[in-house]
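[1] Give me the fold of what follows.
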Amino acid sequence: MVETMLVAKQYRCTHSAACICIKGHLSEDAIFLIFQHLNWNPRLIAVMSCVCKWFDEIAKRVLWKEFCRARAPKMMLDMQSSGSHNVDGSWKSLGKLLIYCSGCSKGGLFNDVHIPGHFVYRTRFSRTSGKIFLVPQCRTDVLYISDPCEHLDQGEEGDVGLFRGVFKSFSVSRVKKILIEKQIEFHPTEVCPYCKAKLWSMLQAMMIPRSVCGRLCSYDDSVEYYVCLNGHMVGICTFKPLSESEETSEIE
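    Next up, the predicted model:
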């Protein structure tokens, strides 16, 4: 999706007052019905958003919201159960988080690991697993966390897992309150790959529970994750090698 967006940017409409990329537009109702029929195709939404500002506004306000609801209906129902009609950040950012592994670059958030970002066909997000990623005093917060996206044989790092997540109502969460109380500084250069907001290091804040390593089957000192001002989380871990019995079971 992101690669397609980059290619399409050269055709972006540059007129701020009105879009003149085509002669006339369909009605919003027609756009809604067309994309409903297409099951809210994210690639098509992204491409059309890049070539037409008028469409991009509809996409941000309506289409990405419907895409999120279609892909993760129970999660979206819970995210909005507190009465909010929106999410922290934007629906577009959340839609990208649902289907895109942001990867990491050398010298970025995770030191010398280089893994290109890529589209993920299907990812499970779990509220129950999210509790494990929170220190005890923050267990009342709601965090949806993805299963790790596995990237094998990453040189000296071994088998690497990248995971991502999103908080419900992060603006009033215990996590945000404690990060502010501890006066944790933002990362000096990197920003959230999903919404471009500033990032806090949970490792720097000493807010990564030891239970996370067991949940991820990773080395104790290899887990690191960040959370942004809008409550999006990005993280990394290094998996422990499978035991001989586990390798046999995998093959069978």
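[2] Tell me where the protein has strands.
    100-101, 118-119, 125-126, 143-146, 149-151, 160-167, 186-191, 198-201, 224-228, 232-238 (DSSP state E).
[3] Tell me the predicted confidence for Lys240.
    On pLDDT, Lys240 comes in at 84.
[4] Tell me which residues touch it, please.
    Contacts for Lys240 (Cβ atoms under 8 Å, 6 or more residues apart in numbering) come out as 217-219. Every C-beta, even on glycine, is put in place using the N, C-alpha and C of the backbone.
[5] 10 Å - rerun?
    Contact analysis of Lys240 by Cβ atoms under 10 Å, 6 or more residues apart in numbering lists 158-159, 213, 216-220, 222.
[6] Buried ones only from those, please, as a ChimeraX command.
    Selection command for ChimeraX covering only the buried members of these, criterion 16 or more other Cβ atoms under 10 Å:
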select :159,213,216,218,222
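[7] Quick check: the farthest pair among the contacts of Lys240?
    Across the contacts of Lys240, no pair lies farther apart than Asp159 and Asp220, at 15.8 Å, counting by Cβ to Cβ.
[8] Low-confidence ranges, the stretch 1-150 of the chain, go.
    For the stretch 1-150 of the chain, the stretches with pLDDT under 70 are 1-25, 83-86.
[9] What about Pro209, how many residues nearby?
    18 (other Cβ atoms under 10 Å).
[10] Which residue is the nearest non-sequential neighbour of Cys101?
    What sits nearest to Cys101 in space, not counting adjacent residues and going by Cβ to Cβ, 6 or more residues apart in numbering, is Cys149, at 4.4 Å.
[11] and the gap between that neighbour and Glu57?
    31 Å (Cβ to Cβ, to the nearest Å).
[12] Look at those two and report which has more neighbours.
    Cys149 (18 against 13).
[13] rewinding a little: tell me the one of the contacts of Lys240 nearest Phe125?
    Taking Cβ to Cβ as the measure, Phe125 lies nearest Leu216 of the contacts of Lys240, at 15.1 Å.
[14] Let me know the pLDDT of that closest one.
    On the pLDDT scale, Leu216 gets 89.
[15] excluding its backbone neighbours, what's nearest it?
    Once flanking residues are discounted, Leu216 sits nearest to Cys237: 4.7 Å by Cβ to Cβ, 6+ apart.
[16] Contacts only, for the one you found.
    Taking Cβ under 10 Å, 6+ apart, we find Cys237 in contact with 148, 159-163, 212-213, 215-219, 222-225.
[17] Over to Asp153?
    So, once contact is read as Cβ under 10 Å, 6+ apart, Asp153 ends up touching 159-160.
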